[in-house]
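Engineer: model this:
(chains A and B)
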Protein chains: 2
Amino acid sequence: MTEKSEALVLLLEKRRFEHVRAMVAEMNAVDIAELLEDLDDGQLLLAYRLLPKEMAAEIFSYMAGDTQEKLLGVLTNQELAAVMDGLYLDDAADLLEEMPANVVKRLLQMTSPEDRRRLNQLLKYPDGSAGGVLTTEFVDLKAAMTVAEAFQYIRECGPDKETIYTCYVIDRNRRLEGVITVKELLLASGEQLVGDLMEEHVISAVTTDDQETVAQLFAKYDLMALPVVDSENRLVGIITVDDVVDILQQEATEDMEKMAAITPTEKPYWRVGVWETFKTRFPWLLLLMVSATFTGMIITSFEEALSASVALTAFIPMLMDTGGNTGSQASVTVVRGLALGDIRVRDILRVMFKELRVGVLCGVCLSAAMFAKILLIDRLLLGGPVTVMEAVVVCVTLLATIVCAKLVGCSLPLIAKKIGFDPAVMAGPFITTAVDAISLLVYFRMATVLLHLT
Amino acid sequence: MTEKSEALVLLLEKRRFEHVRAMVAEMNAVDIAELLEDLDDGQLLLAYRLLPKEMAAEIFSYMAGDTQEKLLGVLTNQELAAVMDGLYLDDAADLLEEMPANVVKRLLQMTSPEDRRRLNQLLKYPDGSAGGVLTTEFVDLKAAMTVAEAFQYIRECGPDKETIYTCYVIDRNRRLEGVITVKELLLASGEQLVGDLMEEHVISAVTTDDQETVAQLFAKYDLMALPVVDSENRLVGIITVDDVVDILQQEATEDMEKMAAITPTEKPYWRVGVWETFKTRFPWLLLLMVSATFTGMIITSFEEALSASVALTAFIPMLMDTGGNTGSQASVTVVRGLALGDIRVRDILRVMFKELRVGVLCGVCLSAAMFAKILLIDRLLLGGPVTVMEAVVVCVTLLATIVCAKLVGCSLPLIAKKIGFDPAVMAGPFITTAVDAISLLVYFRMATVLLHLT
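Structural biologist: You can find the predicted model right below:
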């Protein structure tokens, strides 16, 4: 608990409600929401009722899911109606998606029929699509309006809109005709027509687009808002840049977690308990452990070769680690390139050709370094038992491993994406396991041939 | 080359300049910049001169660094002056930072003394700080202005500002007094005073703040713009959300690259050549290969134990891989938590306690699974040579490795951050190497003690 939340608890206990109001009046909605997280059920309800009416819904929208659920359970129907009315529609849709069925039912009963219809529409779009993050609360202008009329309209409907700064011009069939900003309207004279001022080449997304594609558009074109249209170019809603900031953070976190063999959760670190954390990590570890035992089986099958030349065993960790590192360099680069829109699936051959050349460069240099190290340090300096032929086996294997690792690392995520799997899941430890197996097979084959082992 | 750029080349060759102008008039500045990338020097200059004057600087700001340099080399002084005049100051500062010294000198000569002074100021802030990304082109209002006066002022100075939608109220010493949005101004009546309407609790950053901290503020408070003040609370500039979108992508890419043992570059995949890619990857692979040879030395020093029980060798890859995977799960979670502001350095003990419990849970379950697998599949089904005691050694080592890996994985990034190193660099393969060594040491110690090997 922070100092501030301790103070709040104390004020609530002593029923110093005026002090609570004064404390909250000084604060930002996000910080108030954070403050309320620490309260127990009774205090939470009490504190919520002390909030300024016009801020309550906004504060509610910033609370964590479990706090929201706790609060919804104790609010009166009238208070529920006020929450639903005060939330932006996209936030209300997110809330309905998170809450259990009985709460959703109560919430929908407290919503106006018109909002309920629009909410149901929003809830139909799949999670992670442009439709899933859009809001229907935007300013729509008509081309025939004058600038003065446009301002009049913005003043009337503005308070309920997520953004008023980018306005969309639609025809009578709600088809998107153009876009105009408040800045442009402000700099124009009152009698000019919106249709003459608007930009007709509008960058837009379709409801079915991936939210990552949407984020790429924002980044590329420095957008503040993006209109989303349906398959017939009718304007359905807009996506605002603050949601894109969240999407970017969420997508990057997910990719990192997947690459590290973790099932992604959307919750911050301290909101995930030990048991829940275990469940996001254990299945992957088990899967990878089982697949790593196949690597062990390769070793077992070359047991005799290994006992004939124990020096070879000492190089196994180095070969496996270097292969793994080389592979993840390539795969992380490709996964990130896909997420940023720099690389497309159809570039696969170009990517492989580039990585092949990088792999050969890295492989030749590393093998040469390793060869020198074995001969100069292991043999000459330390007088180890490694023979020159063994050094050749190690270094040729190293070169082959590095080139294979680069090729596997760069192509697996692209192939995964092509066949509809998640590239980041492929880019992670699966590549390590695959490269381990390849490097050991090459190693023992080389050893058998060059050292004449059986 | 895309179809469009081929068409452009053709039009330029045939000197169909009217067609070029018409083609460009239909396009967005970002797309035009992309189109010009493919042209050779002479065509680039020709095409640039055909661009509408009012768009030229904006298009220039979206070009890649090498194209900008190419173009600056062939522009006349007058054209250079137009570019510098047309660029937003923060973009101009970024340009100066990227260009070679002789180009910078020419550019600064073509800049007005006032802009030069402000540019020099901007260039003093370190890269990656709030000062390094701010722009000085914002709307500053006075508390005593009426709403009508404020709109008059915005109309006059608005065209040159990066954003007009969030306005900052400053006193005569340029100290930040409040913030007000154009939405609030539009919804107020003309004679109201800015000072009565403004929000006095302004969320702001200091010039020396890390850009990652700035991005966290935007994400937390859903900001569109953030004022940046100096140590005496004087308003220096603002950061706009479009720059934050870039910062978020850049920081996430950097963290991923560092964790994958790659020296980060800011360039997209196809702008980094094979040789340059090699240079970002090779040093890390070399370093990690050398550190992996220490793991090999551990194996060598237990050579006799291994030759006495060859079955043990087969489990080495499984132990190393599982340790590595477990460690990166913890480290990636912590690195991301740090980047998102969920975890702070002083939480280290709480983090370690949580990871310890997760580690014990994962360790016990995985060891049990492995024990069952060895006894049922390896021994009973396949009739392998593994003894029960060897299975015990493997599984106890597995448990110890997993718990150690979780603790090392979660604490190393935090310790790194504490002593001023980069957490993401620590979170990567260094943890794998450390965990490899730990797991092998435990393994051979266990084997020596429990199997009575020497």
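Engineer: what domains does the record give for chain A?
Structural biologist: Per the record, chain A has its domains at A:3-124, A:140-258, A:269-450, by automatic domain parsing.
Engineer: got a markdown table for the ones you listed, with distance to chain B, mean neighbour count and mean pLDDT too?
Structural biologist: The way it works is simple: take the backbone N, C-alpha and C, and place the C-beta from them, glycine included. Shown next, in a markdown table, are the domains of chain A (distance: least, Cβ to the nearest Cβ, whole Å; neighbours: other Cβ atoms under 10 Å in any protein chain shown; pLDDT from 0 to 100):
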| stretch | distance to chain B | mean neighbour count | mean pLDDT |
| --- | --- | --- | --- |
| domain A:3-124 | 5 | 16 | 86 |
| domain A:140-258 | 4 | 19 | 91 |
| domain A:269-450 | 4 | 20 | 88 |
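Engineer: In JSON lines: the ones you listed, plus distance to B:Val228.
Structural biologist: Shown next, in JSON lines, are those (distance: least, Cβ to Cβ, whole Å):
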{"stretch": "domain A:3-124", "distance to B:Val228": "18"}
{"stretch": "domain A:140-258", "distance to B:Val228": "18"}
{"stretch": "domain A:269-450", "distance to B:Val228": "27"}
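Engineer: right, so of these, which gets closest to B:Pro52?
Structural biologist: In terms of Cβ to Cβ, the element of these nearest to B:Pro52 is domain A:140-258, at 13.7 Å.
Engineer: and that closest one, how far apart are its ends?
Structural biologist: Criterion Cα to Cα, to the nearest Å; first-to-last residue distance in domain A:140-258 is 40 Å.
Engineer: do the same with stretch A:337-353
Structural biologist: Terminal residues of stretch A:337-353 lie 16 Å apart, using Cα to Cα.
Engineer: Other residues contacting that stretch?
Structural biologist: A:212-213, A:216, A:219-220, A:251-252, A:255, A:334, A:407, A:410-411, A:413-415, A:417-418, A:423, B:249, B:253, B:268-270 (Cβ atoms under 8 Å, 6 or more residues apart in numbering or on different chains).
Engineer: mind redoing it with 6 Å?
Structural biologist: Outside of stretch A:337-353, the residues within contact range by Cβ atoms under 6 Å, 6 or more residues apart in numbering or on different chains are A:216, A:407, A:410-411, A:414, A:417-418, A:423, B:268-269.
Engineer: now, among these, which is nearest to B:Ala292?
Structural biologist: Closest approach between those and B:Ala292, by Cβ to Cβ: A:Leu407, at 21.4 Å.
Engineer: State the helix or strand in which that closest one lies.
Structural biologist: In this assignment (DSSP states H and E), A:Leu407 forms part of helix A:388-418.
Engineer: what's the following helix or strand after that helix?
Structural biologist: Sequence-wise, the next helix or strand downstream of helix A:388-418 (DSSP H and E) is helix A:423-427.
Engineer: Can you tell me which helices and strands that following helix packs against?
Structural biologist: helix A:241-259, helix A:316-340, helix A:388-418 (3 or more Cβ pairs under 6 Å, 6 or more residues apart in numbering or on different chains; DSSP states H and E).
Engineer: what's the angle between the helix or strand just after that helix and helix B:429-450?
Structural biologist: Downstream of helix A:423-427, the next assigned helix or strand under DSSP H and E is helix A:429-450. Going by axes from the mean of the first three to the mean of the last three Cα atoms, to 10 degrees, helix A:429-450 is angled at 60 degrees with respect to helix B:429-450.
Engineer: who are the neighbours of helix A:429-450, in terms of helices and strands?
Structural biologist: Judged by 3+ Cβ pairs under 6 Å, 6+ apart, helix A:429-450 is in contact with helix A:274-301, helix A:316-340, helix A:388-418.
Engineer: residue contacts, A:Ala400?
Structural biologist: A:Ala400 neighbours (Cβ under 6 Å, 6+ apart): A:Val442.
Engineer: Would you mind measuring from it to A:Ser367?
Structural biologist: Relative to A:Ser367, A:Ala400 is positioned 9 Å away (Cβ to Cβ, to the nearest Å).
Engineer: hang on, the earlier thing: tell me which of the domains of chain A lies nearest to B:Val20.
Structural biologist: Within these, the stretch nearest B:Val20 is domain A:140-258; the backing value is 17.0 Å (Cβ to Cβ).
Engineer: Show me how far the closest one is from its chain's centre.
Structural biologist: Relative to the chain's own centre, domain A:140-258 is displaced by 23 Å; criterion: Cα atoms, centre = their mean, to the nearest Å.
Engineer: Same check on stretch A:286-294?
Structural biologist: Here stretch A:286-294 is found 27 Å from its chain centre; the criterion is Cα atoms, centre = their mean.
Engineer: can you list contacts of that stretch?
Structural biologist: Applying Cβ under 6 Å, 6+ apart, the contact partners of stretch A:286-294 are A:429, A:433, B:317-318, B:321-322, B:325, B:366.
Engineer: Just confirm A:Ile238 is within a helix.
Structural biologist: No. Applying DSSP: H, G, I helix; E, B strand; the rest coil, one finds A:Ile238 to be strand, outside a helix.
Engineer: thinking A:Thr136 is in contact with A:Leu89, fair?
Structural biologist: Yes. Contact criterion Cβ atoms under 6 Å: A:Thr136 and A:Leu89 qualify, at 5.4 Å.
Engineer: Report the set of residues contacting both of these two.
Structural biologist: Residues touching both A:Thr136 and A:Leu89 (Cβ under 6 Å, 6+ apart): A:Arg118.
Engineer: Quick check: nearest residue in space to the one residue sitting closest to the centre of chain A, chain neighbours excluded?
Structural biologist: When chain A is reduced to its mean C-alpha position, the nearest residue by Cα atoms, centre = their mean turns out to be A:Glu251, at 1.1 Å. Distances taken as Cβ to Cβ, 6 or more residues apart in numbering or on different chains put A:Glu212 closest to A:Glu251, at 5.6 Å, once the chain neighbours are dropped.
Engineer: quick one: the one you found and A:Ser129, what's the gap?
Structural biologist: 10 Å.
Engineer: ok, now A:Leu185?
Structural biologist: To A:Ser129, A:Leu185 is 31 Å away according to Cβ to Cβ.
Engineer: Kindly report the same for A:Met289.
Structural biologist: Relative to A:Ser129, A:Met289 is positioned 35 Å away (Cβ to Cβ).
Engineer: Equivalent analysis for A:Leu107, please.
Structural biologist: According to Cβ to Cβ, A:Leu107 and A:Ser129 sit 23 Å apart.
Engineer: Now A:Arg15. Its backbone dihedrals?
Structural biologist: phi 60, psi 40 (degrees, to the nearest 10).
Engineer: hang on, A:Ile32 packs against A:Ile59?
Structural biologist: Yes. A:Ile32 lies in contact with A:Ile59 (Cβ under 6 Å); the separation is 5.0 Å.
Engineer: can you tell me which of the helices and strands packed on helix A:423-427 comes nearest to B:Ala261?
Structural biologist: Minimum separation from B:Ala261 across the helices and strands packed on helix A:423-427 (Cβ to Cβ) falls at helix A:316-340, 5.6 Å.
Engineer: Sticking with A:Gly190, tell me its helix or strand.
Structural biologist: Using DSSP H and E, A:Gly190 sits in no helix or strand.
Engineer: Name the secondary structure element that contains the nearest residue to it once chain neighbours are set aside.
Structural biologist: Leaving aside its chain neighbours, A:Gly190 sits nearest to A:Ala148 (3.8 Å; criterion: Cβ to Cβ, 6+ apart). Following DSSP H and E, one finds A:Ala148 within helix A:147-157.
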